Structures are given as structure tokens and as C-alpha cells.
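Student: What follows is a predicted structure for the sequence shown.
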Amino acid sequence: MCRILVIPATDWLGGPESRLHRIFERPSQSVEDVEVVFFPKRGKRVRSTALRLYQPLCLRIGGSTALFYLVNLVPIWLQLARRIAKTRPNVIVITDPIFGLSAVLMKRLLPIRVVFDYVDDLSGLAKGYVTRLLEGAVMKVVEEIVRYSVVNADATIVSSVDLQRRVCALLGRCPPLIPNGVEASIFTRSDSVNHRQKIVGYVGGVYGWSGIEQFLATHRAVSASAPGVEYHIYGSGSCEELVRSISEREEGVYFHGEIPYKEVPCVMSTFDVGIIPFVKSPLTDAACPLKLFEYWAAGVPVVSRNLREVKRLGDGAALFFDTVDEMASDIVLLLLSEETRKKVTSEGSARVVQYDWRVLRTKYREILCGSRMQDVRE
């Protein structure tokens with residue numbers, strides 16, 4: 001039996017749409033013994049699952065993620081060390097190298113294999129959580145922790161080509177690439193949704209890097225060409241107040257805040273266009289957005305910023321833009337041109353099959369518990 005201890009990042013609280021939920025939420029016959037370590041953040045409790053959750057004794061604090069790490073890092077390391085020593089897992093999966101560093105260190109003492117699930121440009125992500133004065137120093141520290149984790153883990157799994165190249169540069173060999181995906185069956189709609197207005201929608205984080213403000217800036221131009229169009233935004237983040245203020249003064253713009261993940265498929269079924277407006281940066285170029293696959297599975301045509309990984313995956317199955325004016329033009333084209341809409345939607349629906357979590361989950365687990373682990377290490 002392959003015993004796996006999963007050490008997720010704080011985004012485990014984001015719900016069942018996270019990568020690790022989808023890979024480990026449904027144990028298979030070949031991998032039934034899965035331990036999940038759960039870290040509380042802001043005192044919230046994640047929904048109950050079929051997995052066993054272990055909650056370490058950590059201070060509950062509201063506020064920034066940086067403060068959460070600062071206050072809880074040592075207690076979490078100690079709890080992890082005790083948990084690892086007690087349960088003696090065969091494989092430990094880390095996605096947050098700051099939390100998972102203790103696992104990398106403990107593999108020197110115990111017969112365990114550590115797998116680093118590398119899914120974000122973590123130094124770029126850290127940039128958004130500190131002041132400009134500390135920005136450079138924090139990014140360097142995070143970069144070094146990531147480098148140490150990659151070099152000392154038994155295997156690294158990446159979610160994008162950009163991250164794969166970074167690992168190749170460190171190790172001299174390329175790690176396996178397993179992108180994000182979607183539980184396609186819960187997004188597939190049996191019939192079209194009828195509504196009078198045309199709806200352009202976004203579901204996801206509402207942060208500075210998400211490009212949400214630039215997206216909303218296109219509403220007036222799009223409305224001039226497609227009267228009655230509505231923009232609907234679902235999500236939470238540091239830019240919530242900004243988005244809410246725009247929606248209150250801009251007719252046809254609606255901000256709904258965060259919704260339970262189980263409602264996302266129903267919400268997306270109302271979209272005529274799904275948007276990925278992320279600001280272009282090393283962080284977003286290396287990202288593999290879950291919403292790309294969700295839009296495809298829901299039969300929604302996609303308009304996306306010209307991001308490297310999204311373009312690699314979605315070329316021909318989405319429209320891409322570099323400027324705000326191009327974003328508005330692409331949205332209008334999909335709203336008004338039935339031919340373009342059908343072409344983009346059809347290609348996305350055909351492509352999403354290979355990104356179903358059922359397919360990706362099998363590949364992932366083969367690396368964790370199969371013979372491929374040895375291949376990866378060599």
C-alpha cells in the first residue's frame with residue numbers, strides 16, 4: 001500500500017476546485033491510504049470531505065498571508081515533524097515549499113520520498129503580499145527555498161512549460177508536466193441557457209494581478225457595439241472594494257462576491273463569453289488557470305490575455321489579446337459573430353477531454369507510487 005501524506009498550501013481553503021483536492025479527493029483502488037494535513041487560516045473551516053483532516057495547533061489570525069506564515073511557521077514545522085515521524089508515509093507531496101521544507105529535511109532521517117508539486121511562480125506570488133521595501137528580500141528568500149526544494153526533492157511535478165524550464169535549468173533534466181484540469185462532467189450543460197442579455201463573465205481571484213480593473217474598463221466600448229451586454233464577476237480578493245464601487249456606478253456591471261464552488265458550473269452556464277484578463281507578468285505567464293478548462297467544459301468561448309501557458313494550451317480554442325482595446329474587440333467578436341463563436345467553442349469542447357481530472361489523476365499517481373518515480377529520479 002502506498003501511503004501518501006499531502007501538505008497543501010493555504011489555498012486548500014479555496015474549496016474543491018484546487019489542484020490537490022481534485023487529485024486526492026477521490027481515492028482509487030490503487031491509492032487508498034491518503035493522509036491530508038490541513039492548515040487553518042483566518043479561523044475558517046473547510047467543508048467536510050471523505051478524507052481525514054488533521055488540524056495542527058496554530059494561532060488563528062486574520063490579516064495577511066505573510067503574517068500567517070510568520071506566526072505559524074515554527075509551530076507548523078514541529079507539528080509536521082511529529083506527524084511524519086508518527087505516520088511514516090511512503091510519499092510526501094508538498095506544494096508550499098515553505099511549509100514543506102521540514103519534510104525535505106526529514107527525508108535525510110526517514111525512508112520517505114518527497115514530491116514537490118510546483119504550480120506557481122512562488123516568488124512572484126510572494127511579491128503581492130509584502131511592502132515594496134521588503135519585496136526584493138522576500139522574493140530572494142522564496143526563490144532560494146524553491147531552489148532547495150527542487151534540488152532535494154525526489155521528484156518535482158510542474159503544471160506549466162515555464163516552470164518546467166526553470167526546473168530543467170536547476171536539475172539538468174526536465175520534470176514531468178501535469179497541467180491543471182477540470183471535472184468535466186459537472187460542467188457540461190445538457191442544453192443552452194436562454195436569457196435576454198448577453199453575459200460576459202469572470203470567476204476567480206479579484207486581485208491586482210487578475211486584471212479585473214482593465215476588464216471592467218472595456219464595458220462601455222463593448223456595450224456600444226452590443227447593447228444590453230452585462231458583465232458578471234464572481235470571486236474575492238484584495239480588489240473587492242474597487243470592483244464593488246465600479247459595479248455600483250456602472251450600469252450593466254454586477255459583482256457577486258465569492259460563491260460556493262458547487263454553484264460555479266451553474267453560473268458559467270449563463271455566460272456567453274468567459275474572460276481570463278490576467279495582467280501579463282512572469283507569475284501569470286507561468287500559470288495554468290483552472291478557469292480555462294472550466295470554461296471549455298461548460299461550452300463557453302474564451303477570451304484571454306496573451307499568456308504563454310494559456311496560449312500554448314488554448315491556441316485555436318480561445319481568442320487572445322494584448323491591450324484593453326483588443327480585449328474589447330475580441331469580446332464583441334464572440335458576442336456578434338456566430339461563426340467565430342461556434343468555432344472557438346467547438347475547439348475548446350474537443351480539447352478539454354484530455355484535461356479531465358480522471359486522466360490527469362492517473363498520471364499523477366503513477367509518478368507517486370509507480371515505477372515512474374525511479375525514472376524521474378535518474
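Tutor: Cool, got the structure. Numbering: from 1, shown residues only.
Student: all contacts plus neighbour counts: C-alpha atoms, from now on.
Tutor: Fine.
Student: C-terminal to the helix or strand where residue 293 lies, what's the next element?
Tutor: Using DSSP states H and E, residue 293 maps to helix 290-297. Using DSSP H and E, the helix or strand that follows helix 290-297 towards the C-terminus is strand 302-305.
Student: can you list contacts of that following strand?
Tutor: Strand 302-305 has contacts (Cα atoms under 8 Å, 6 or more residues apart in numbering) with 273-280, 292, 295-296, 310, 317-322, 327, 330-331, 344-345.
Student: repeat that with 6 Å
Tutor: With contacts defined as Cα atoms under 6 Å, 6 or more residues apart in numbering, strand 302-305 is touched by 273, 274, 275, 276, 277, 318, 319, 320, 321.
Student: Also stretch 345-362?
Tutor: Contacting residues not belonging to stretch 345-362 are listed as 23, 181, 182, 183, 184, 296, 297, 299, 301, 317 [Cα under 6 Å, 6+ apart].
Student: ok, the residues you listed vs residue 168, which is closest?
Tutor: If you rank the contacts of stretch 345-362 by distance to residue 168 using Cα to Cα, residue 181 comes first, at 23.2 Å.
Student: Spit out the contact partners of the closest one.
Tutor: Contact analysis of residue 181 by Cα under 6 Å, 6+ apart lists 293, 355, 356, 357.
Student: From residue 345, how far out is residue 159?
Tutor: 24 Å (Cα to Cα, to the nearest Å).
Student: just to revisit the earlier point, which of the contacts of strand 302-305 fall within strands?
Tutor: Counting by DSSP state E, the part of the contacts of strand 302-305 found in strands is 273, 274, 275, 276, 319, 320, 321.
Student: Pick out whichever of those residues sits closest to residue 147.
Tutor: residue 276 (29.5 Å).
Student: What residues are bridge-paired with the residue nearest to that closest one when sequence neighbours are not counted?
Tutor: Once flanking residues are discounted, residue 276 sits nearest to residue 304: 4.5 Å by Cα to Cα, 6 or more residues apart in numbering. Residue 304 has the following beta-bridge partners by DSSP bridges: residue 276, residue 320.
Student: re the thing from before, can you name the two of the contacts of stretch 345-362 that are farthest apart?
Tutor: Taking Cα to Cα as the measure, the contacts of stretch 345-362 have their most distant pair in 23 and 301, spaced 26.2 Å apart.
Student: who has more neighbours, those two?
Tutor: residue 301 (29 against 19; other Cα atoms under 10 Å).
Student: wait, the more buried one sits on residue 273?
Tutor: Yes: if you go by Cα atoms under 6 Å, residue 301 and residue 273 touch, sitting 5.3 Å apart.
Student: which ones are touching residue 204?
Tutor: By Cα under 6 Å, 6+ apart, the residues touching residue 204 are residue 235.
Student: let's see 7 Å
Tutor: Contacts here follow Cα atoms under 7 Å, 6 or more residues apart in numbering; on that basis residue 204 touches 234, 235.
Student: how's this protein carved up into domains?
Tutor: 4-181+356-377, 184-355 (automatic domain parsing).
Student: what's the least confident stretch among these?
Tutor: For the domains of the chain, mean pLDDT drops lowest on domain 4-181+356-377, to a mean of 71.
Student: Secondary structure element holding residue 79?
Tutor: According to DSSP H and E, residue 79 maps onto helix 65-87.
Student: ok, and what's touching the helix or strand just after that helix?
Tutor: For helix 65-87, the following helix or strand on the C-terminal side (DSSP H and E) is strand 91-94. Under the contact criterion Cα under 7 Å, 6+ apart, strand 91-94 has outside partners 3-8, 100, 112-117, 368.
Student: ok, now how distant is the residue nearest to residue 186 when sequence neighbours are not counted from residue 289?
Tutor: Once flanking residues are discounted, residue 186 sits nearest to residue 265: 6.8 Å by Cα to Cα, 6+ apart. Counting by Cα to Cα, the gap from residue 265 to residue 289 is 16 Å.
Student: Also residue 94?
Tutor: In terms of Cα to Cα, residue 94 sits 20 Å off from residue 289.
Student: Kindly report the same for residue 332.
Tutor: Taking Cα to Cα as the measure, residue 332 falls 23 Å from residue 289.
Student: Surely residue 233 and residue 199 touch.
Tutor: No: applying Cα atoms under 7 Å, one finds residue 233 not in contact with residue 199, separated by 10.3 Å.
Student: more neighbours, these two?
Tutor: More crowded of residue 233 and residue 199, by other Cα under 10 Å: residue 233, with 25 against 21.
Student: Show the contacting residues for that one.
Tutor: By Cα under 7 Å, 6+ apart, the neighbours of residue 233 are 201, 202, 203, 254, 255, 256.
Student: so the second one sits in a strand?
Tutor: Yes: counting by DSSP: H, G, I helix; E, B strand; the rest coil, residue 202 is part of a strand.
Student: Report how many residues lie close to it.
Tutor: Residue 202: 25 surrounding residues under other Cα under 10 Å.
Student: try the fourth one
Tutor: Other residues within reach of residue 254 by the criterion other Cα under 10 Å amount to 18.
Student: In terms of helix, strand or coil, where does it fall?
Tutor: The local conformation at residue 254, judged by three-state DSSP, is strand.
Student: May I have the beta-bridge partners of it?
Tutor: residue 232.
Student: Which stretches in the stretch 1-150 of the chain count as helices?
Tutor: Along the stretch 1-150 of the chain, the segments classed as helices by DSSP state H, counting those that start in this stretch run 19-24, 65-87, 97-106, 122-127, 132-152.
Student: Take the ones you listed and lay them out in CSV including distance to residue 250.
Tutor: Shown next, in CSV, are the helices of the stretch 1-150 of the chain (distance: least, Cα to Cα, whole Å):
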stretch, distance to residue 250
helix 19-24, 35
helix 65-87, 32
helix 97-106, 42
helix 122-127, 31
helix 132-152, 32
